[in-house]
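Undergrad: I'd like to go over a predicted model; first the sequence, then the structure.
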Amino acid sequence: MLQKINLEKILFLDIETVAQKSSFTELDDVFQKHWENKARFISKEEETAEDVYERAGIYAEFGKIVCISIGAIRIENGVKKLRLKSFYNDDEQILLTNFFELLNQHYNSRDNLLCGHNGKEFDFPYIARRALINGISIPSILDLAGKKPWEVPHLDTLQLWKFGDYKHYTSLSLLTSIFNIPTPKDDIDGSMVNQVYWQEKDLTRIANYCEKDVVALTQLFLRFRNENLILDENISIA
């Protein structure tokens, strides 16, 4: 039962990813060919590989992580408080190294858990794949090799909402609306991150957006436990 999980042992997280290059033409010949092969499965009839390259960030083989935002709940005198922190950098290796340092120091025991929305299908494997590509050792909490399904220390609000219905997908945005979770109106959404990164070079703006998703994720998890939301005045950024 979710109510039995220690909230202070969960690390809530969300990632933002972009294409590895600003445009298809910047890819070398080998990766252009690989992307052309991929594009055949995701493009409409009239679209070219170049047209759909802005979607490359979805795939760990063609994208990179530019921000990981995290949130941790601490309970002080019976009051839940949420502390946020973001790791963002143009250099993915630096970003991952800094994030893994936190995981290895503070989230390396058996009772620690990671929580994301669609994290099991996207965030967690994406981070692990990019770590391998960058030649970085994967922290235990992300390394699933040899682990039985019940030993995997991952929570996923999408999977929790599915209740075993594998065909169903519900966005974090829709769930926050269903559960009356207040979310600030944003000037960007996920589809704009690639543009904001490559055209505006605004990593801080992306981090701010990512942190708001972590807040929404955390509040949704509390709703799943039938608990009150964390008040705005109890949410802070490191």
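TA: Received, thanks. Since the structure is predicted, the reported quantities are computational estimates derived from the model, not experimental observations.
Undergrad: For the lengthiest helix in the chain, give the mean pLDDT please.
TA: Among the elements of the chain assigned as helix by DSSP state H, the one spanning the most residues is helix 203-224. Per-residue pLDDT over helix 203-224 has a mean of 97.
Undergrad: Pull out the buried residues from whichever helix or strand comes after that helix.
TA: Using DSSP states H and E, the helix or strand that follows helix 203-224 in sequence is strand 235-237. For strand 235-237, a neighbour-count test (16 or more other C-beta atoms under 10 Å) marks Ile235 as buried. The C-beta positions use only the backbone N, C-alpha and C, and glycine is treated the same way.
Undergrad: OK, contacts around Val18?
TA: The neighbourhood of Val18, defined by C-beta atoms under 8 Å, 6 or more residues apart in numbering, consists of Gly57, Gly63, Lys64, Val66, Val193, Asn194, Tyr197, Trp198.
Undergrad: how does it look with 6 Å?
TA: By C-beta atoms under 6 Å, 6 or more residues apart in numbering, the contact list for Val18 reads Gly57, Val66, Asn194, Tyr197.
Undergrad: Can you list phi and psi of the second one for me?
TA: With angles defined as degrees, to the nearest 10, Val66 shows backbone torsions of phi -110, psi -10.
Undergrad: tell me, how many neighbours does it end up with?
TA: The tally of other residues near Val66 (other C-beta atoms under 10 Å) stands at 26.
Undergrad: any idea how far Lys201 is from it?
TA: As judged by C-beta to C-beta, to the nearest Å, Val66 and Lys201 stand 11 Å apart.
Undergrad: Grab the nearest non-local neighbour of Phe179.
TA: Of all residues not flanking Phe179 in the chain, Arg223 sits nearest, at 4.4 Å (C-beta to C-beta, 6 or more residues apart in numbering).
Undergrad: Run a quick neighbour tally on the one you found.
TA: Under the criterion other C-beta under 10 Å, the count of neighbours that Arg223 has is 18.
Undergrad: gap between it and Ser22?
TA: Separation of Arg223 from Ser22 (C-beta to C-beta): 39 Å.
Undergrad: Ok, Leu84 next?
TA: Shown here: Leu84 relative to Ser22, a distance of 29 Å by C-beta to C-beta.
Undergrad: Asp51 too?
TA: The spacing between Asp51 and Ser22, counted by C-beta to C-beta, is 15 Å.
Undergrad: Now find how far off-centre the longest helix of the chain is within its chain.
TA: The chain centroid and the centroid of helix 203-224 are separated by 10 Å under C-alpha atoms, centre = their mean, to the nearest Å.
Undergrad: Helix, strand or coil: sort out the residue sitting furthest away from the middle of the chain for me.
TA: Counting by C-alpha atoms, centre = their mean, the extreme residue of the chain relative to its mean C-alpha position is Glu46, 31.3 Å from that point. Judged by DSSP: H, G, I helix; E, B strand; the rest coil, the three-state class of Glu46 is coil.
Undergrad: ok, it to Asp186 distance?
TA: For Glu46, the distance to Asp186 equals 31 Å [C-beta to C-beta].
Undergrad: now Ile10
TA: For Ile10, the distance to Asp186 under the criterion C-beta to C-beta works out to 24 Å.
Undergrad: Which one's more surrounded, the two?
TA: Of the pair Ile10 and Asp186, Ile10 is the one with more neighbours under other C-beta under 10 Å, namely 21 against 13.
Undergrad: in the sheet, who's paired with the more buried one?
TA: For Ile10, the beta-bridge partners under DSSP bridges are Leu113.
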